[in-house]
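[1] Please work out how this folds:
(chains A and B)
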There are 2 protein chains.
Amino acid sequence: MKKENIIDELASLDAYWSQKIIGESNGQLFKVAKGIGEIKWHTHDDQDALFILYKGHLAIQLRTENIELFEGDMFVVPKGVEHCPKAEEEVAFLIAGLDITSNEKGGKPDWSYTENRP
Amino acid sequence: MKKENIIDELASLDAYWSQKIIGESNGQLFKVAKGIGEIKWHTHDDQDALFILYKGHLAIQLRTENIELFEGDMFVVPKGVEHCPKAEEEVAFLIAGLDITSNEKGGKPDWSYTENRP
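    Below is the predicted model:
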């Protein structure tokens, strides 16, 4: 059994909007990711997505309102709710859910590696 | 839908080793707690317990080893594994699991409110 350090794991990421699993608990995955810019609007019909901000300012755009997240903030996007994360500058966060959702269906942009970012 | 701030929620706690639910995602509760001293050795047979440290130094004592947690560290105590958290000075953490586990069965000490601490 070993611990993980969330700050170190976030610092090790080399791609944007790409989740890395660092733990599992009661069937739920705990993943780290960083982001910049905007991904595509999308919905997870099968799972909630919980965000915990570690660095920066992340706007979770919903169709009805924007949720503005800063360091230490936690927010759950309920299953079935369309959303689109957006960050003016680089953000780093923990995300909990049943699967890796940073895929095409999960709104991942075509660019996601630093070297390809527009 | 609203966000919660983990730092503010931790600062608002007035009792030790008493979990406060601040969110729910995919059937799992996200809870904040603070602790000092040592609780009782105990086991959760029905659920894993995930810890994320926000302040201080928490030792998760296991029968085979001690896991030393500092700010940003994450550790999962698997279901069925006997453990006993211990902190020389006040610690603050997030804990995820299926229920509130800060009860007698969960190792909560007889003193838990600040004014009663030995």
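[2] ok but A:Q61 is inside a strand, no?
    Yes: using DSSP: H, G, I helix; E, B strand; the rest coil, the assignment for A:Q61 is a strand.
[3] May I have the residues that are in contact with A:D45?
    Contacts for A:D45 (Cβ atoms under 8 Å, 6 or more residues apart in numbering or on different chains) come out as A:79-80. C-beta here means a position set from N, CA and C on the backbone, and glycine is covered the same way.
[4] Check it and give its pLDDT.
    A:D45 is assigned 95 on the pLDDT scale.
[5] Now do the same for it: helix, strand or coil?
    Per three-state DSSP, the local secondary structure of A:D45 is coil.
[6] Please report phi then psi for it.
    For A:D45, the backbone dihedrals are phi -80, psi -10 (criterion: degrees, to the nearest 10).
[7] got the angle for the strand ranked longest in chain A vs strand B:83-97?
    As assigned by DSSP state E, the longest strand anywhere in chain A is strand A:83-97. Interaxial angle of strand A:83-97 relative to strand B:83-97 (axes from the mean of the first three to the mean of the last three Cα atoms, to 10 degrees): 150 degrees.
[8] beta partners of the nearest residue to A:D48 once chain neighbours are set aside?
    Nearest non-adjacent residue to A:D48, counting by Cβ to Cβ, 6 or more residues apart in numbering or on different chains: B:S25, 4.4 Å away. For B:S25, the beta-bridge partners are B:Q28 (DSSP bridges).
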